[in-house]
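Undergrad: pasting the sequence and the predicted coordinates here, then a few questions.
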Amino acid sequence: MNTKRLIVIVGPTGSGKTDLSIRVAEHYACPIISTDSRQFYRGIPIGTAQPDSEQLERVEHHFIASHELTDDFNCGAYEVAALKRLEELFVKHDTVVAVGGSGLYIKALCEGMDDLPEVEPALRSELAERLKSEGLEALTEELRKLDPAFYEVVDRKNPARVLRALEVCISTGKPYSSLRTGEKRQRSFGIVKIGVNMERAVLYERIDRRVDIMVEAGLENEARAVYPLRHLNSLQTVGYREMFDYFDGTITRDEAIELIKRNSRRYAKRQLTWFGRDEEIEWFLPTETEKIIEYIDSKVCTLK
RNA sequence: GGUCCGAUGGAUGAGUGGUUUAGUCACCGGUCUGCAAAACCGUCUACAGCGGUUCGAAUCCGCUUCGGACCU
């Protein structure tokens, strides 16, 4: 029986995942691997609430500030890189903790993504141009021809979905739907999923307060430093977009801060919607460390 | 004491007699296999209170309450 185990800690932003992950990792004397699609990036530690230097010293972290803002990174690339890293970590450790709030990345890590080829950036930007000039409907129509099956099920009002399907169809010459198996990959390690959540009102208070703390910690300067790179995907991030608007003079500083709070709350809600569907997650309050450890150990026993 | 104006859903704000809803924002709910802290969808049926006119009132009339302006 396989004894390697990944403890996956999920939850909405501001729920206390980071602190919990440190406690759990210390308990098992194991490293942490991040599943946060924004903490990968270097240069934006405050706004993405990366673990601080003290925390990084206490526990070995992976995929924190590991990439440049200019790097092309996505959940597919992450799956490959993270699995490789896990394999290395499992040589010395029986347990690894994964923490983060990016649902799709967690899915990529735990269940895998279909093996789709990389799409040429040129094609992607061409489609983006066509979206602007021809409109969404024209592209949706094209998708109907290239992949009628997917056309039937896709959210046709969502440009991101239509464009993605189209770019795969065009670059592979095959219908996107024929390449989507939806199969869950079998992992060579066990997975225990821990969800952290609390009463909504309390969570929102925590989020609001955390934004204030970020501002005090210098979020504005951090955002100003990366402002020239504002167009990058890595900076389409709550906390930075609003600051950029403030720098542009579109909104006031106070408005920016309010918007960061609101958008963080919305993000938290979306995360909860996503994680709510995952029946493997066992939910706890962020303070219930002992209960959580107990649960993890009980899971380990039943799996053995 | 008197005159005038106003009172619309959590917020803002249209709507002066008649299918069904203003709109926007927030909240709430949801979608999800490569930009995912992204992108997208759905819902929230209110007209200050009471009475009257009318086939029918948020819309017209009266009174009451509350708010604002002005007059003595």
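TA: Perfect, thanks for sending it. Numbers count the residues shown, from 1 in each chain, chains lettered A, B, ... in the order given.

Undergrad: residue ranges in chain A under the pLDDT threshold?
TA: A:1-2, A:301-304 (pLDDT under 70).

Undergrad: and the strands in it?
TA: A:5-10, A:32-34, A:61-62, A:95-99, A:190-196, A:281-284 (DSSP state E).

Undergrad: what's the closest of these to residue A:257?
TA: Closest approach to residue A:257 among these (C-beta to C-beta): strand A:190-196, 25.2 Å. Yep, even glycine has a C-beta here, placed from its N, CA and C like the rest.

Undergrad: residue closest to the middle of chain A?
TA: In chain A, the residue lying closest to the centroid (C-alpha atoms, centre = their mean) is residue A:102, at 2.2 Å.

Undergrad: so who does the residue nearest to it when sequence neighbours are not counted touch?
TA: Computed as C-beta to C-beta, 6 or more residues apart in numbering, the closest residue to residue A:102 that is not its neighbour in sequence is residue A:37, at 3.9 Å. By C-beta atoms under 8 Å, 6 or more residues apart in numbering, residue A:37 lies in contact with A:75, A:78, A:100, A:102, A:104-105.

Undergrad: with distance to RNA strand B added, can I get those in JSON lines?
TA: Compiled in JSON lines, the contacts of residue A:37 are given as follows (distance: C-beta to the nearest atom of the strand, whole Å):
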{"residue": "A:75", "distance to RNA strand B": "5"}
{"residue": "A:78", "distance to RNA strand B": "8"}
{"residue": "A:100", "distance to RNA strand B": "8"}
{"residue": "A:102", "distance to RNA strand B": "4"}
{"residue": "A:104", "distance to RNA strand B": "3"}
{"residue": "A:105", "distance to RNA strand B": "6"}
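
Undergrad: export those residues to CSV and tack on distance to residue A:59?
TA: Listed next are these as CSV, based on distance: C-beta to C-beta, whole Å:
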residue, distance to residue A:59
A:75, 24
A:78, 20
A:100, 14
A:102, 20
A:104, 25
A:105, 20
